[in-house]
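> fold the following.
(one chain, ligands or ions: 2)
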Amino acid sequence: MADRIVTSDLNGTEKEHEAQLRPQNFSEFIGQKKVVENIDLMVKSSVIRKAAMDHVLLSGPPGLGKTSLAMLISKAIGSELHLVSGPAIEKKGDLAAVLTNLKPKDVLFIDEIHRIHITVEEILYSAMEDFRLDILIGQGASARTMQIDLAPFTLIGATTRSGLLSNPLRDRFMAHLNFDFYEPEMLGKILMNNARKIHLDLSEEAKMQIAMRSRGTPRIANRILRRVRDFALVNKSKQVEYKEVKAALSLLDIDDLGLDSMDRKILSVMKNYYHGGPVGIEALSATLGEDKQTIEEVYEPYLLKEGFILRTPRGRTLSEKAAIHIA
Ligand SMILES: Nc1ncnc2c1ncn2[C@@H]1O[C@H](COP(=O)(O)OP(=O)(O)O)[C@@H](O)[C@H]1O
Ligand SMILES: [Mg+2]
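Ligands and ions are numbered 1, 2, ... in the order given. As a prediction, this is how the structure comes out:
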């Protein structure tokens with residue numbers, strides 16, 4: 001998984017690189033106008049009230065800036081950010097320990113919150129609503145609930161699949177903000193900022209070529225940018241031209257439409273095994289030997305958005321555009 005261009009999990013070095021290119025303030029956070037407008041208002045209100053910001057749910061495909069935004073929020077509020085991953089919390093006690101550690105106005109960021117275990121999730125309800133932990137002690141007739149007060153905190157939940165959140169959890173978020181794929185123009189701005197950060201002189205054409213082949217995703221744009229930088233270094237190029245970009249894209253196996261090898265594999269399996277569909281996600285996942293969740297959360301959103309795949313009640317079908325592309 002680590003070598004692929006589209007991943008939801010990051011390995012160690014990737015994380016370090018990401019840290020280097022993360023927006024350091026709101027002016028570096030490009031695009032997602034609606035999301036940023038909402039957050040800006042909520043942050044300002046929190047600062048005036050000298051109280052925790054309202055809980056917010058951020059949803060959208062991987063690599064669009066959810067974690068980055070959470071970092072900027074806690075910075076703007078002047079509070080500490082605590083990052084946890086939903087599926088990694090195995091027991092109620094683990095989450096209780098995190099919650100009781102929070103200071104007033106702190107931000108708790110739960111990534112992949114749709115994958116949190118239901119029994120663990122339940123303690124979030126009173127924590128979010130009343131800043132209180134209800135803990136059941138003992139068993140049977142002698143069982144009783146103990147209540148622990150928590151500091152007023154902000155929960156930021158991030159999810160690639162907001163539809164999979166339980167209703168009680170979803171209802172407790174005051175704001176639901178959805179991230180969209182970025183237009184090439186916005187990715188171009190991000191690339192310009194980041195090229196400067198890594199001391200790379202990018203030609204206008206090179207910039208737009210990367211922007212158009214990044215699946216609307218800043219994380220992917222950054223990955224291509226780093227590979228382009230490698231080429232420029234090795235070739236001792238002063239300014240990066242389309243030539244370096246083309247070489248990097250071909251090394252990363254990204255085609256003219258910005259699709260990577262897994263995208264193309266999905267489309268060709270649909271075409272050659274299932275005659276263009278309709279095909280269900282289970283069957284597709286079995287044929288591809290790829291996890292169902294990864295297909296649905298990482299690959300499909302962009303393929304759907306760009307009209308390569310269509311969703312029908314009977315399953316996914318291949319569009320004419322896709323059939324022509326992989327012919
Ligand atoms: N709006 C943005 N402006 C600038 N850079 C961004 C933006 N969104 C994402 N990025 C870049 O993409 C990388 C991945 O974003 P991240 O916040 O980790 O995405 P997510 O948490 O949604 O998977 C970040 O390191 C950052 O460099
Ligand atoms: Mg993230």
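
> domains of this protein?
Following automatic domain parsing, one finds the domains of the chain at 32-178, 184-251, 261-325.

> pLDDT of the longest one, averaged?
Going back to what we said before, that points to domain 32-178. Over the span of domain 32-178, the pLDDT mean works out to 96.

> now for the residue of the chain found nearest ligand 1: which residues touch it?
For the chain, the residue closest to ligand 1 is Gly65, as judged by Cβ to the nearest ligand atom, at 2.5 Å. No exception for glycine: its C-beta is placed from N, CA and C like everyone else's. Under the criterion of Cβ atoms under 8 Å, 6 or more residues apart in numbering, the neighbours of Gly65 are Pro23, Phe29, Gln32, Phe179, Pro218.

> apply 7 Å and report the result again.
Phe29, Gln32, Phe179, Pro218 (Cβ atoms under 7 Å, 6 or more residues apart in numbering).

> ok, which of these also contact ligand 1?
Among these, the residues lying close to ligand 1 (Cβ under 6 Å from any ligand atom) are Phe29, Gln32, Pro218.

> which one is the last one nearest to, not counting chain neighbours?
This points to Pro218. Nearest residue to Pro218 in three dimensions, chain neighbours excluded: Ile190, at 5.2 Å (Cβ to Cβ, 6 or more residues apart in numbering).

> which phi and psi does the closest residue to Ser166 other than its chain neighbours have?
Taking Cβ to Cβ, 6+ apart, and ignoring the residues beside it in sequence, Ser166 has Glu121 as its nearest neighbour in space, at 6.7 Å. The phi and psi values for Glu121, taken as degrees, to the nearest 10, are phi -60, psi -40.

> distance of Glu121 relative to Pro168?
Separation of Glu121 from Pro168 (Cβ to Cβ, to the nearest Å): 8 Å.

> and the closest residue to Leu165 other than its chain neighbours, how many neighbours does it have?
What sits nearest to Leu165 in space, not counting adjacent residues and going by Cβ to Cβ, 6+ apart, is His114, at 5.2 Å. For His114, the tally of surrounding residues (other Cβ atoms under 10 Å) stands at 24.

> now Leu41
11.

> measure the residue nearest to the spatial centre of the chain to Thr294 for me?
The structure's the chain has its C-alpha centroid closest to Pro62; by Cα atoms, centre = their mean the separation is 2.8 Å. Computed as Cβ to Cβ, the Pro62 to Thr294 distance reads 10 Å.
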